[in-house]
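[1] structure for the following, please:
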Amino acid sequence: MLKKKFLFIQIILFIITFSGCSNISNNEAVSKTDFYFDTVVTITLYGSENSKYIDECFEICKNYENMLSRTVKDSEISQINNNIGSFVEVSDDTLELINKGIYYSELSGGKFDITIGGLSSLWNFNSENPRVPAKADINNALQSVGYKKLQVDNNNVMLNNEETILDLGGIAKGFIADKLKEYLLSEKIDSGIIDLGGNILLVGSKPDGSDYKIGIKKPFSDTGENSAIMNVHDKSIVSSGNYERYFYEDGKLYHHILDTDTGYPVDNNLYSVSIISDSSVDGDGLSTTCFLLGIDKGMELIESLDNIEAVFIDSDYKVYYSSGLNEDNGIFTLVR
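    All right, here's what the predicted structure looks like:
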C-alpha cells in the first residue's frame with residue numbers, strides 16, 4: 001500500500017486556523033488551506049485581518065501550476081515535452097526554474113536530474129497499486145534521462161530526445177514558495193508561514209520578534225515524534241525522505257527518490273535530509289541532491305556552501321548535522 005506523507009515537517013506552534021475574522025490582534029493569525037501541486041498548501045499570516053493576501057497567494061499557486069506542471073495539458077512544460085526537437089519559447093519564470101534545475105543537475109553530477117520524468121512515470125508512485133517495473137523497462141527509461149538532452153537558448157527551450165520528459169516537480173514547490181514570499185513582502189506582510197506540502201518557508205519572525213519552533217519529524221513516526229527542533233526565523237526548511245512516498249513489494253520498501261545510475265530507489269541507509277536555507281528552491285534542490293549523494297558526500301557539499309545547513313537522519317535514527325548547527329547557540333536541539 002502506498003503511503004503518502006505530505007507533512008513531514010511540522011510546526012511546533014499554536015496557530016489559530018480559520019478563514020477570516022474581525023478585530024484580530026497582531027499576535028493572532030489568519031490561515032487558509034487549499035490543494036495545489038498534488039499536495040496541501042497552507043498559508044498563515046500574522047498582523048492582517050484581511051485574507052485577500054492569502055487568496056492572492058492561492059491564485060499565484062494556480063497560475064504556476066498551470067505554467068509548470070507536466071501533467072497540465074497546456075503548461076509550458078507540457079509544450080516542451082510535446083515538441084521534441086523544436087524550440088519552445090517560455091516565460092521568464094519557467095526559464096528561471098529550468099536554469100535552477102540545470103544548476104542542481106550539474107552540481108549533483110546528474111544524480112538530481114530534471115529530465116527524470118520518463119523513469120519516475122514508469123514507477124508511478126501515485127498509483128493506487130504501484131509495482132516494481134520490469135528491469136528491461138527501467139533500463140530503457142534510463143536512456144532517456146540526462147539533463148544535457150535539454151537545450152536552452154535565451155527563453156527558448158528544447159528537448160532533443162524523443163523519450164525524454166522534463167519534470168520540474170523536484171524543485172517547483174520551493175520555487176513557488178519563494179515567489180509567494182516575494183509577493184507577501186511586497187504587500188508589507190512581514191510575519192507568516194508558507195507551507196507547501198511540508199516545504200516550510202518562514203516570513204520574518206513571530207509577531208513578538210521571537211523565532212518559530214520547527215520540528216524535523218522522526219522518519220516513519222505515526223505519532224508526530226520529532227528528531228530535532230529548529231529555532232529559526234526568515235528561513236526555509238525542506239526535507240526529502242524515503243518515507244514520503246513508498247510501497248512494499250515482497251517485503252522490501254521502494255521509495256520515490258530514484259537513483260539515475262540504476263533506475264531504482266537509492267539505497268544508502270538514509271531516511272531523510274533536511275535543508276535550512278534562505279531560499280526554498282535551494283532547499284528543494286539540495287534536500288534531494290544530498291539524499292542521493294549520501295551522508296558523506298552530501299555533508300561535504302553542504303559544508304562547501306554558504307548560509308546552508310543540513311540535518312541527516314540515517315536508518316538507525318542517528319542524527320548528523322552541519323557545522324553551523326549546534327545545541328549551544330540555541331538554533332538546534334536534538335530530541336532525545
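
[2] element containing residue 287?
    Using DSSP states H and E, residue 287 sits within helix 280-293.

[3] same check on residue 192?
    strand 191-196.

[4] kindly format the C-alpha coordinates of the helix or strand following that strand as CSV.
    The element immediately downstream of strand 191-196 (helix or strand, assigned by DSSP H and E) is strand 199-204. Presented in CSV, the C-alpha positions along strand 199-204 are these (Å, rounded to 0.1, in the frame of the first residue of the first chain):
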residue,chain,number,x,y,z
ASN,A,199,8.1,22.7,2.4
ILE,A,200,8.2,25.4,5.1
LEU,A,201,9.2,29.0,4.3
LEU,A,202,9.0,31.5,7.1
VAL,A,203,8.2,35.1,6.5
GLY,A,204,10.1,37.1,9.1
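
[5] any idea of the mean pLDDT for strand 199-204?
    Model confidence over strand 199-204, given as mean pLDDT, is 96.

[6] hang on, residue 214 in a helix?
    No: using DSSP: H, G, I helix; E, B strand; the rest coil, the assignment for residue 214 is strand, not a helix.

[7] neighbours of it, how many?
    23 (other C-beta atoms under 10 Å). (Glycine included, C-beta is placed from N, CA and C.)

[8] okay, now the unreliable bits of the stretch 1-150 of the chain?
    Scanning the stretch 1-150 of the chain for pLDDT under 70 picks out 1-27.

[9] so which residues of it form strands?
    3-4, 9-11, 29-36, 39-46, 88-89, 150-153 (DSSP state E, counting those that start in this stretch).

[10] buried stuff in the last one?
    Residues residue 150 are the ones in strand 150-153 that count as buried (16 or more other C-beta atoms under 10 Å).

[11] and the gap between residue 313 and residue 304?
    21 Å (C-beta to C-beta, to the nearest Å).

[12] do residue 152 as well
    Going from residue 152 to residue 304 by C-beta to C-beta gives 26 Å.

[13] if we can go back for a sec, so which of the strands of the stretch 1-150 of the chain comes closest to residue 198?
    Checking the strands of the stretch 1-150 of the chain against residue 198 by C-beta to C-beta gives strand 9-11 as the closest, at 5.0 Å.

[14] nearest residue to the middle of this protein?
    Note on the chain: the residue nearest the mean C-alpha position is residue 284, at 4.0 Å, using C-alpha atoms, centre = their mean.

[15] pretty sure residue 219 sits against residue 269.
    No: contact criterion C-beta atoms under 8 Å: residue 219 and residue 269 do not qualify, at 12.0 Å.

[16] more crowded one of those two?
    Using other C-beta under 10 Å as the criterion, residue 219 and residue 269 rank with residue 219 on top: 21 against 10.

[17] where does the more buried one sit: helix, strand or coil?
    Going by three-state DSSP: residue 219 is coil.

[18] re the thing from before, between residue 313 and residue 304, which one's more packed in?
    Each of residue 313 and residue 304 has its neighbours counted (other C-beta under 10 Å); residue 313 has more, 24 against 8.

[19] which residues does that one bridge with?
    Beta bridges link residue 313 to residue 272, residue 319 when assigned by DSSP bridges.

[20] list the contacts of it.
    With contacts defined as C-beta atoms under 8 Å, 6 or more residues apart in numbering, the neighbours of residue 313 are 216, 218, 219, 227, 241, 270, 271, 272, 273, 319, 320.

[21] check what pLDDT it gets.
    With respect to pLDDT, residue 313 has a value of 97.

[22] for residue 206, see how far away it is.
    Taking C-beta to C-beta, one finds residue 313 at 27 Å from residue 206.

[23] what bridges to the nearest residue to residue 253 once chain neighbours are set aside?
    Among residues not flanking residue 253 along the chain, residue 246 sits closest, at 5.5 Å (C-beta to C-beta, 6 or more residues apart in numbering). Counting by DSSP bridges, residue 246 is bridged to residue 3, residue 255.
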